[in-house]
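Participant: The following comprises the amino acid sequence and a computationally predicted model.
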Amino acid sequence: MTRPYYVTTPIYYISGNPHIGHAYTTVVADVLARSARTRGPAFMLTGTDEHGQKVANAAAEHGKTPQEWTDELVPRWQALFAAYHVEYDDFIRTTQARHETAVQAIFERMRQNGDVYLGTYEGWYCVSDETFWLESKLAEGRCPTCGREVQWISEEDWFFRLSKYRDRLLAHYRANPQWVRPRSVYNEMMAILEEGLEDLSISRTNLEWGIPIPGPSAGSGRGVIYVWFDALLNYVTALGWPDGERFRTFWPASVQLIGKEIARFHTLIWPSLLWSIGEAAPELVFAHGWITVEGQKIGKSLGNAVDPFALAERFGADSMRYFLLREAPFGSDFSYSEEKIAQRHNNDLGNDLGNLLRRTLTMVQKYHSGIVPEPGERTSLSMRFADPSTHLGERVAGLVTQLQFREALEAIWELVTALNRAIDERKPWNLHKEGRQHELAALLYDLCQGLRWLAILLHPFMPERAAEMWRQLGARGRIEGDWRQSLAAWGDDGSLPPGTAVVPGDALFPRIDLVSA
RNA sequence: GGCUCGGUAGCUCAGCGGUAGAGCGGGGGACUCAUAAGCCCUAGGUCGUAGGUUCAAAUCCUACCCGAGUCACCA
């Protein structure tokens, strides 16, 4: 029994429509969760971050209230995740009562333990950009980005005593050098820590769209809770903090996925907030890279944003999932293009995998009446991947746990290649002509079982296509059953016994021709 | 400017003290069960530049060049 596994995505800030980057992070979380579910209890959380100035502005531009606006957008995000075959366990919205109530309770608790206090926030403020600037950042006394005059603002706000946690953070970082990955982000955060931390203002008096400051605070200290304070807490409010059963089961999180641009919030502020309410920091925060288009960051302003629904429609959701996880080492930026997606789809999925399934099933039909034969002697082919010391299932599970998706898929492809190679070396068409039925049957059995393994191994990555493989093989039972158990023996779990009738179907990954498409 | 991470075959990258590797692309070959797929053979690259340490350096040190990121209470 493994420890319950909890994986989160950032909650997405819905000032507009989702793009491929949002699908990316969420798919990664889904792969982790699906893989973990084969080993024990697992929980995947995603959701939307709906408060703050930008949402209020965007809603106003569309002539709607913020609530109307977010209610309209949230289904698009949920539709995106569905389109990418993501099965989350919960979807939290920061406008939900369960979240707002818990955030207020946390705020109140911190006010009582002294970590939240009323202070004065002062600084140079650019009204146009709605941004505070440090004196040192000003350009000749004017806003460095828009060049307009700035004004000195002074307001009473609630502050979180972040500075108090600096030493504990330093100690935590030193004791757990792997808790923030990749290493470059860890280093950045250590550098910030060594410079020191200032307390954080966590309320906004000039904004209405947010969670109200709780308590009898008429006069000073009114307003709403700063959106980041609110947003970070979703990871525990969704589980029913402080005493929900899910919270007790799944916290602390196993992996929290973030984009590297929000690392500061998740690796400095977030653990401090947790410690303030007596909870543990997450085990791992992993900051991944950007998806770029020929090196250019994706953004609406650059005009290179691509509709993620269109991509899933065109290439298939599972092919997109494969591409996103296979193309680059997880963590680093990677460049995306339709040519690259098509290449992965055609070469890896169509030629190597899809064609392997088809040629195998065709031979089972032609040479064995479409019936899975009896196994022969345990061959080196079948045993090679089941050997306990190099067990492919264990290797893949280990790599996925380490978020090395590309390496995991490469390992799986060793089996794809081995099966293709076995066909070419053993030449079943010759065995058939020469009437060597036993050899032929043994080979066909190994191929079918190898494909069954592939379906199981690939299921977390490509759930729908893997299920289709499973179906065409005629396999019984649930493909998403316990991974380790399914793979423990080469074909001994009964899901594909000799005598099974295979069910060849359409090509798994039909070739996509970009030019004439 | 400070700091961080990179600069290895056309492309994407692995290697991180001991005679330069993988995948893709490109070139050649034998086959036919298959989505003109698969299989086999083939790449000879000053490992950013210049020094240094070492019996020995992509692999350690120094300087420099180039690229990216970060040093902001937008999320």
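Facilitator: Thanks, I have it.
Participant: can we go C-alpha only for contacts and neighbour counts from here?
Facilitator: Fine.
Participant: What residues sit buried inside the helix or strand harbouring A:Ala467?
Facilitator: Assignment of secondary structure by DSSP states H and E places A:Ala467 within helix A:463-473. Neighbour-count burial for helix A:463-473, with 16 or more other CA atoms under 10 Å as criterion, is recorded at A:Pro463, A:Glu464, A:Arg465, A:Ala466, A:Ala467, A:Met469, A:Trp470, A:Arg471, A:Gln472, A:Leu473.
Participant: got a list of what the fifth one touches?
Facilitator: Residues touching A:Ala467, when contacts are defined by CA atoms under 8 Å, 6 or more residues apart in numbering, comprise A:Ala455, A:His459, A:Ile479.
Participant: And it, what's its pLDDT?
Facilitator: According to the model's per-residue confidence, A:Ala467 sits at a pLDDT of 95.
Participant: what about it, distance to A:Asp307?
Facilitator: In this view, A:Ala467 and A:Asp307 are 26 Å apart by CA to CA, to the nearest Å.
Participant: Redo the buried residues of helix A:463-473 as TSV? Include distance to RNA strand B.
Facilitator: Listed next are the buried residues of helix A:463-473 as TSV, based on distance: CA to the nearest atom of the strand, whole Å:
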residue	distance to RNA strand B
A:Pro463	16
A:Glu464	14
A:Arg465	10
A:Ala466	12
A:Ala467	14
A:Met469	10
A:Trp470	14
A:Arg471	14
A:Gln472	12
A:Leu473	14
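Participant: Let me see the ranges of the strands in the stretch 301-450 of chain A.
Facilitator: Counting by DSSP state E, counting those that start in this stretch, the stretch 301-450 of chain A has strands at residues A:334-336.
Participant: Near the residue in the stretch 1-150 of chain A that RNA strand B sits nearest to, how many residues? Count them for me, please.
Facilitator: Closest approach between the stretch 1-150 of chain A and RNA strand B, counting by CA to the nearest atom of the strand: A:Tyr13, at 3.9 Å. Using other CA atoms under 10 Å as the criterion, A:Tyr13 is surrounded by 18 other residues.
Participant: hmm, back to that, out of the buried residues of helix A:463-473, which is nearest to A:Val503?
Facilitator: Distance to A:Val503, by CA to CA, is smallest for A:Gln472 among those, at 4.3 Å.
Participant: quick one: pLDDT of the closest one?
Facilitator: Here the pLDDT value assigned to A:Gln472 is 97.
Participant: Point out the residues in the stretch 51-200 of chain A that sit beside RNA strand B.
Facilitator: A:52-54, A:121, A:131-132, A:183-185, A:187-188, A:191-192, A:199-200 (CA under 7 Å from any atom of the strand).
Participant: Sorry, slip of the keys, the one I care about is the stretch 351-500 of chain A.
Facilitator: Within the stretch 351-500 of chain A, the residues that sit near RNA strand B (CA under 7 Å from any atom of the strand) are A:351-356, A:358-360, A:362-363, A:417, A:420-421, A:423-425, A:427-429.
Participant: Just the buried residues of the residues you listed.
Facilitator: In terms of neighbour count (16+ other CA under 10 Å), the buried residues within those are A:351-356, A:358, A:360, A:362-363, A:420, A:423, A:428.
Participant: Pull the contacting residues for A:Pro10.
Facilitator: Neighbouring residues of A:Pro10 by CA under 8 Å, 6+ apart: A:Thr46, A:Gly47, A:Gln256, A:Leu257, A:Ile258, A:Gly259.
Participant: In terms of distance to A:Arg222, which of those residues ranks first?
Facilitator: Distances from A:Arg222 to those, taken as CA to CA, are shortest for A:Gly47 (27.5 Å).
Participant: ok, the closest one touching A:Asp89?
Facilitator: No: if you go by CA atoms under 8 Å, A:Gly47 and A:Asp89 don't touch, sitting 10.6 Å apart.
Participant: who has more neighbours, those two?
Facilitator: The neighbour comparison of A:Gly47 against A:Asp89 (other CA under 10 Å) goes to A:Gly47, with 25 against 13.
Participant: Across the sheet, point out what pairs with that one.
Facilitator: For A:Gly47, the beta-bridge partners under DSSP bridges are A:Ile11, A:Ile92.
Participant: circling back: from the contacts of A:Pro10, which two are the most distant?
Facilitator: Using CA to CA, the pair of the contacts of A:Pro10 lying farthest apart is A:Gly47 and A:Gly259, separated by 14.9 Å.
Participant: Residues contacting stretch A:191-208, please?
Facilitator: Contacts to stretch A:191-208, defined as CA under 8 Å, 6+ apart, come from residues A:52-53, A:121, A:155, A:157-163, A:166, A:169-170, A:213, A:221-229.
Participant: hmm, which of the residues you listed are the buried ones?
Facilitator: For the contacts of stretch A:191-208, a burial check counting by 16+ other CA under 10 Å picks out A:52-53, A:157-163, A:166, A:169-170, A:213, A:221-229.
Participant: Not including adjacent chain positions, what is the nearest residue to A:Ile291?
Facilitator: Excluding its sequence neighbours, the residue lying closest to A:Ile291 (CA to CA, 6 or more residues apart in numbering) is A:Phe334, at 5.3 Å.
Participant: burial of that neighbour, as a residue count?
Facilitator: Using other CA under 10 Å, A:Phe334 has 19 neighbouring residues.
Participant: same check, this time on A:Ser319
Facilitator: Using other CA under 10 Å, A:Ser319 has 26 neighbouring residues.
Participant: what residues are up against the closest residue to it other than its chain neighbours?
Facilitator: Take A:Ser319 and drop its neighbours on the chain: the residue closest to it by CA to CA, 6+ apart is A:His345, 6.0 Å away. By CA under 8 Å, 6+ apart, the residues touching A:His345 are A:Phe315, A:Ser319, A:Phe323, A:Phe509, A:Arg511, A:Ile512.
Participant: quick one: contacts for the residue lying closest to the fifth one once chain neighbours are set aside?
Facilitator: The spatially closest residue to A:Arg511, leaving aside those adjacent along the chain, is A:Asn346, at 5.6 Å (CA to CA, 6+ apart). Contacts for A:Asn346 were tallied using CA under 8 Å, 6+ apart; they are A:Phe509, A:Pro510, A:Arg511, A:Ile512.
Participant: do the same with A:Leu233
Facilitator: For A:Leu233, the set of contacting residues under the criterion of CA under 8 Å, 6+ apart consists of A:Val103.
Participant: Then A:Glu464?
Facilitator: A:His85, A:Asp318.
Participant: What's the per-residue pLDDT of the residue of the stretch 1-150 of chain A closest to RNA strand B here?
Facilitator: According to the prediction, A:Tyr13 has pLDDT 88.
Participant: can you pull the contacts of it?
Facilitator: So A:Tyr13 contacts A:Thr48, A:Asp49, A:Glu50 (CA under 8 Å, 6+ apart).
Participant: Tabulate these (JSON lines), appending pLDDT, neighbour count and distance to RNA strand B.
Facilitator: JSON lines is the format used below for the contacts of A:Tyr13 (pLDDT from 0 to 100; neighbours: other CA atoms under 10 Å; distance: CA to the nearest atom of the strand, whole Å):
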{"residue": "A:Thr48", "pLDDT": "95", "neighbour count": "23", "distance to RNA strand B": "9"}
{"residue": "A:Asp49", "pLDDT": "93", "neighbour count": "24", "distance to RNA strand B": "6"}
{"residue": "A:Glu50", "pLDDT": "93", "neighbour count": "29", "distance to RNA strand B": "7"}
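Participant: Give me every residue in the stretch 201-350 of chain A lying close to RNA strand B.
Facilitator: With the criterion set to CA under 7 Å from any atom of the strand, the stretch 201-350 of chain A comes near RNA strand B through A:201-202, A:226-228, A:231, A:261-262, A:327-329, A:333-334, A:346-350.
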